[in-house]
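Chemist: Sequence first, predicted coordinates after that:
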Amino acid sequence: MASTDVSTPTLQRHGLSDEQLRAIFRNMLLQRQLDNRGFQLNRQGKVPFALGSEGHEALQAGAAMAFNRGRDILAPYYRDLGLCLGIGLSPYEILLSIFARAADHNGGRQFPNHYSSKAAGLMSFSSILAAHLPHAVGAAYAIKYRGEKGRAVLATCGDGTTSEGEWHESMNFVSVHKLPFVMLVENNEWAISTPLDKQMAEPQIWKRAAGYGMPGRRFNGFDPIETYAAVKEAMDRARDGGGPTLVEGTCYRYLAHSTDDNDMTYRTREAVTERRKQDPVPAFEAVLLEHGIVSSADVNEMRQSVLRETNEATDTAEAQPYPEPSDLYTHVYEGAWQPWQS
Amino acid sequence: MTARKTELPPFERRGLTDEQLVAMLRTMVMQRTLENRGFQLNRQGKIPFASASEGHEGVQAGAAMAFARGKDILVPYYRDLGLELGIGLTPFEVLLSLFARAADHSAGRQFPHHYASRRLGLHTISSVIAAQLPHAVGAAYTLQYRNERDRAVLTTFGDGATSEGEWHESLNFAAVHALPIVFLCENNEWAISTPLSKQMGQPDVYKRAAGYGMPGSVVDGMDPIACYAAVGEALARARSGGGPTLVEAKCYRFLSHTTDDDDRTYRSRDEVAARRKADPVPCFERFLIEHGVLTAEAAEALKRSVLEEANDATDRAEAMAYPAAQDLYERVYAERWDPWL
């Protein structure tokens, strides 16, 4: 694999206001903070599990800005913290999930980092790779079937998921039926411990689009503005009845797969350090500073506010009660069903 | 879809001898004769089921000629009678399967037309669409793992199978590991009653090859010589360590999906009649006569001999015994198991 271009993102706004650019940056800072918080809490023995999306911040913050809140539907995979924050999930909601508390949307019964929110248009997550894609396609089919204009489904996955049969069946179905659907692949070059060259013979995933008869595009996922432009173009086409698009954002996974993984068993520290030079969070900060979108003081204030918000959310969530054992079946069947009471 | 041209291109032998060209024609005529026989026997109430490959004779006779008997492995789908005949399956073996007799390779217990032959390197056939592809890839992986040079796997499927997840997973895995396998798509434009336009977003299956990082080629499936050349080139690359290829042969399904299907419910007679003009069997016969590969008299003699062989195979197979009821569990478990005892 050739490394992605290290060049600093240039400031082509693609219509984004200063306020939107700052919101993108704040989202990226918040992702980084919450990711670290998850790992810290896990190492402190306070939460059983956390996932790391470090390296995906720019891609997710940019894509989230192209999502129409209240209209579009998001079907993400499990490494999409920034997308979920970007479409309106709060740090408190994130921490309720990680702490598995009763006040969580899923009653503390879902896997950590697997959010869902009817209000935000956020579909429930699957841990099973690609299992969410037929569901996402179904949602897009429903939009078309009902004749709802101006809505689209944004579905995401990693590079590993593209080897799954469901990925193919989903891509084929959306292309046959010209569904309002965008397949966003976050190519971070690692499927847990499987490198890209053991995952696919052609490393440019977007090239598969032609085989399905849909447009395909690749972009630098370390650049949130380029990401926004690529995803927005695809979402606009989908919303206008122009059918599906495959967009591939290149990025990198800086941390281990999850708190249960040790990536030093399959890749070297040097390889990760080398890619750290492209880290999208300081890179975008430099761009915004350079173009006067933020001042150093603004950045400091933002960092403090993000930390404060994260700390508050952590404390508030931790103080919440766990779900009751008697609630075990509450979210499983409609109505109460307690199998131990016949 | 544009209709295919009805005439074959200028004569290019592609290294095929007269004898091989006539053998290909004989396979095609035998395939056509046995297909008709299957439908006849079904309508006579003598066999429960037959499937039909009319329109696939050209691609199958050509592909079979590129297969190295005794070395290569064939993992076909259920519409591959001509490939199976072409690699050495006899009409008698075909009819034993159709009649579901005990002497059949699968002891009359498999689905009709689902042959298998260790002698020929012919994998058992799956009715489940695309289920054969992971098996085929496994066989190719074994060849690579054992470092068995100069061998390859030829696996086939229809256009409908390309929408299955297993299809994708198989192509991807074969490409990652550069396995010695050829994926031959017999694109006949109909997946039972589903037309190509409802099966895929763009009609050229071979164009997907680039996305997997493997070579892809497309060939007129009504032209047996072109199919021989395309499949032969792909198999040669696979045998020499060059990895997999996706070959798409454009053909057409002239009959219903099977004896259990009535295609008049989903396509017009006009469409089928228009495509009949490109019927590969009479086209190739005419072609060989025109180019002096065989005489009109020899062609007639060939057809008579095929009919005699098909009749003889039918009579002999029909006279064989059905499997005994108590053999139901044989070949199911390693050791005999009679659950009623």
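Modeler: Right, received. Where do you want to start? Numbers count the residues shown, from 1 in each chain, chains lettered A, B, ... in the order given.
Chemist: Where do the strands of the stretch 101-250 of chain A begin and end?
Modeler: Secondary structure of the stretch 101-250 of chain A, counting by DSSP state E, counting those that start in this stretch: strands at A:153-158, A:181-187, A:190-191, A:194-195, A:216-220, A:245-250.
Chemist: Do you know the pLDDT at residue 118?
Modeler: Here I'm looking at chain A. Here the pLDDT value assigned to A:Lys118 is 91.
Chemist: sorry, should have said chain B
Modeler: 93.
Chemist: same deal with A:Val6?
Modeler: pLDDT for A:Val6: 53.
Chemist: Output the strands of the stretch 101-250 of chain A in a markdown table; the columns should cover mean pLDDT.
Modeler: Converted to a markdown table, those look like this (pLDDT from 0 to 100):
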| stretch | mean pLDDT |
| --- | --- |
| strand A:153-158 | 98 |
| strand A:181-187 | 98 |
| strand A:190-191 | 97 |
| strand A:194-195 | 97 |
| strand A:216-220 | 98 |
| strand A:245-250 | 98 |
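Chemist: How about the contacts made by the closest residue to chain B within the stretch 51-200 of chain A?
Modeler: Residue of the stretch 51-200 of chain A nearest chain B, by C-beta to the nearest C-beta: A:Gly165 (1.7 Å). For every residue, glycine as well, the C-beta is placed using N, CA and C. A:Gly165 makes contact with A:Ala130, B:Glu164, B:Gly165, B:Glu166, B:Trp167, B:His168, B:Glu169, according to C-beta atoms under 8 Å, 6 or more residues apart in numbering or on different chains.
Chemist: So it versus B:Ala274, what's the distance?
Modeler: 36 Å (C-beta to C-beta, to the nearest Å).
Chemist: How about the residues of the stretch 201-342 of chain A by chain B?
Modeler: For the stretch 201-342 of chain A, the residues in contact with chain B (C-beta under 8 Å from any C-beta of the partner chain) are A:Ala201, A:Glu202, A:Lys207, A:Arg208, A:Ala209, A:Ala210, A:Gly211, A:Tyr212, A:Gly213, A:Met214.
Chemist: next one: phi and psi at B:Tyr252?
Modeler: For B:Tyr252, the backbone dihedrals are phi -160, psi 150 (criterion: degrees, to the nearest 10).
Chemist: And for B:Ala23?
Modeler: phi -60, psi -40.
Chemist: name the helices or strands packed onto the longest helix anywhere in chain A?
Modeler: Scanning chain A for the helix with the most residues, using DSSP state H, yields helix A:18-43. Contact here means 3 or more C-beta pairs under 8 Å, 6 or more residues apart in numbering or on different chains; DSSP states H and E; on that basis helix A:18-43 packs against helix A:57-65, helix A:81-86, helix A:91-99, helix A:224-239, helix A:280-290, helix A:296-318.
Chemist: A:Phe284 contacts A:Ala58, doesn't it?
Modeler: Yes: at 6.1 Å, A:Phe284 and A:Ala58 qualify as touching, with contact defined as C-beta atoms under 8 Å.
Chemist: neighbour-wise, which of these two wins?
Modeler: For the pair A:Phe284 and A:Ala58, the greater number of neighbours falls to A:Ala58 (32 against 26), based on other C-beta atoms under 10 Å in any protein chain shown.
Chemist: Can you read off the pLDDT for that one?
Modeler: 98.
Chemist: Excluding chain neighbours, what is closest to it?
Modeler: Distances taken as C-beta to C-beta, 6 or more residues apart in numbering or on different chains place A:Pro280 nearest to A:Ala58, at 3.6 Å, with adjacent residues excluded.
Chemist: same deal with B:Asp338?
Modeler: Among residues not flanking B:Asp338 along the chain, B:Tyr329 sits closest, at 6.3 Å (C-beta to C-beta, 6+ apart).
Chemist: before we move on, what about B:Ala178?
Modeler: Nearest non-adjacent residue to B:Ala178, counting by C-beta to C-beta, 6+ apart: B:Gly243, 3.7 Å away.
Chemist: Three-state assignment for the one you found, please.
Modeler: coil (DSSP: H, G, I helix; E, B strand; the rest coil).
Chemist: count of residues packed around it?
Modeler: Residues near B:Gly243, counting by other C-beta under 10 Å: 21.
Chemist: Residue numbers of the stretch 101-250 of chain B in contact with chain A?
Modeler: So the stretch 101-250 of chain B meets chain A at B:162-169, B:172-173, B:175-176, B:178, B:197-202, B:207-214 (C-beta under 8 Å from any C-beta).
Chemist: Could you pull up the residues touching residue 212?
Modeler: Looking at chain A here, since you left the chain open. A:Met171, A:Asn172, A:Ser175, A:Leu246, B:Met200, B:Gly201, B:Gln202, B:Arg208 are the contacts of A:Tyr212 under C-beta under 8 Å, 6+ apart.
Chemist: if you could check chain B rather than the one you did, that'd help
Modeler: Residues in contact with B:Tyr212 (C-beta under 8 Å, 6+ apart) are A:Met200, A:Ala201, A:Glu202, A:Arg208, B:Leu171, B:Asn172, B:Ala175, B:Leu246.
Chemist: Now do the helices in the stretch 1-150 of chain B.
Modeler: Counting by DSSP state H, counting those that start in this stretch, the stretch 1-150 of chain B has helices at residues B:18-43, B:57-66, B:81-86, B:91-99, B:132-145.
Chemist: Which of those sits closest to A:Arg43?
Modeler: Smallest distance to A:Arg43 across these (C-beta to C-beta): 40.7 Å, for helix B:132-145.
Chemist: Okay, now the unreliable bits of the chain?
Modeler: Chain wasn't specified; assuming chain A. In the predicted model of chain A, residues A:1-10, A:335-342 satisfy pLDDT under 70.
Chemist: was after chain B, sorry
Modeler: The model of chain B has pLDDT under 70 over residues B:1-6, B:339-341.
Chemist: ok and the residue in it nearest chain A?
Modeler: B:Gly165 (1.7 Å).
Chemist: how close does that residue get to B:Arg304?
Modeler: B:Gly165 sits 47 Å away from B:Arg304, taking C-beta to C-beta as the criterion.
Chemist: now B:Val231
Modeler: When B:Val231 is compared with B:Arg304 (using C-beta to C-beta), they lie 30 Å apart.
Chemist: same check, this time on B:Ser106
Modeler: The spacing between B:Ser106 and B:Arg304, counted by C-beta to C-beta, is 31 Å.
Chemist: next one: A:Phe219
Modeler: Taking C-beta to C-beta as the measure, A:Phe219 falls 66 Å from B:Arg304.
Chemist: of those two, who's got more company?
Modeler: Using other C-beta under 10 Å, the more surrounded residue of A:Phe219 and B:Arg304 is A:Phe219, with 21 against 10.
Chemist: Spit out the residues that contact A:Phe284 and A:Ala58 alike.
Modeler: Listed as contacting both A:Phe284 and A:Ala58 by C-beta under 8 Å, 6+ apart are A:Met28, A:Asp223, A:Pro224.
Chemist: Out of the residues of the stretch 101-250 of chain B next to chain A, which end up buried?
Modeler: Among these, the ones that count as buried by 16 or more other C-beta atoms under 10 Å in any protein chain shown are B:162-169, B:172-173, B:175-176, B:178, B:199-202, B:207-214.
Chemist: Which members of those residues occur in helices, if any?
Modeler: B:165-169, B:172-173, B:175-176, B:209-212.
Chemist: Using JSON lines, lay out those residues together with distance to A:Thr268.
Modeler: Converted to JSON lines, those look like this (distance: C-beta to C-beta, whole Å):
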{"residue": "B:Gly165", "distance to A:Thr268": "34"}
{"residue": "B:Glu166", "distance to A:Thr268": "35"}
{"residue": "B:Trp167", "distance to A:Thr268": "36"}
{"residue": "B:His168", "distance to A:Thr268": "32"}
{"residue": "B:Glu169", "distance to A:Thr268": "30"}
{"residue": "B:Asn172", "distance to A:Thr268": "27"}
{"residue": "B:Phe173", "distance to A:Thr268": "27"}
{"residue": "B:Ala175", "distance to A:Thr268": "27"}
{"residue": "B:Val176", "distance to A:Thr268": "22"}
{"residue": "B:Ala209", "distance to A:Thr268": "34"}
{"residue": "B:Ala210", "distance to A:Thr268": "32"}
{"residue": "B:Gly211", "distance to A:Thr268": "30"}
{"residue": "B:Tyr212", "distance to A:Thr268": "29"}
